[in-house]
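>>> structure, please.
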Amino acid sequence: MTFAELDQPYAGRFADGEHRFAVRIYYEDTDAGGVVYHANFLRFFERARTDMLALFGADIATTHDAGEGTYVVAAAELKYVRPARLGEILIIVSRFLEIRAAACTIQQRVMRDGQMLVEGRVTVVFVGPDGRPKRQPAAWLEEFHSFNGASSAQ
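This next block holds a predicted model:
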């Protein structure tokens, strides 16, 4: 293997119908007390979701740059159960809940040693350059549907 092949960013992995994405908590993620600032969980969710979609072959950057469309967050609901702290390793677990022609609802959980810290549900909508919802690329939808048996609505 070449260095270029080895020097790739971490993208997480699939296991048991879910995407698992590890993050380390750095000082920049925390408040003065060393506890993860609440809004940073949305950042962790975004990173995990983006890499999950990329592992399915959804090249979001290329699609965006070609003017074909991009995802926007239409809804986000989070429930904070336990704090996360400086230096901890967390696992962001993501799975599709619902897949529609122009949108996906994804459940995401922040786990530490088997304990849930934060639970969330995020709906992303695929939109064209005009900002209006449009059908997700067919190849992406096919891959999403084959993954974990999420419900489907047209």
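>>> check the gap between the nearest residue in space to T50 that is not next to it in sequence and V124 for me.
In space, not counting the residues next to it along the chain, T50 is nearest to I60; the distance is 6.6 Å by Cβ to Cβ, 6 or more residues apart in numbering. C-beta: built from backbone N, CA, C; applies to glycine. I60 sits 10 Å away from V124, taking Cβ to Cβ, to the nearest Å as the criterion.
>>> mutual contacts of the two, please.
Y71 (Cβ atoms under 8 Å, 6 or more residues apart in numbering).
>>> ok, these two, which is more surrounded?
For I60 versus V124, neighbours defined as other Cβ atoms under 10 Å are more numerous around V124 (22 against 16).
>>> wait, that one sits on E46?
No. Applying Cβ atoms under 8 Å as the test, V124 and E46 come out as separate, 9.7 Å apart.
>>> what does the longest helix along the chain rub up against?
Here the longest helix in the chain is taken by residue count, with DSSP state H as the criterion, and it is helix 40-55. For helix 40-55, the external contacting residues (Cβ under 8 Å, 6+ apart) are 10-12, 14, 19, 21, 23, 29, 60, 71, 76, 78, 80, 90, 92, 94, 106, 108, 110, 118, 120, 122, 124, 140.
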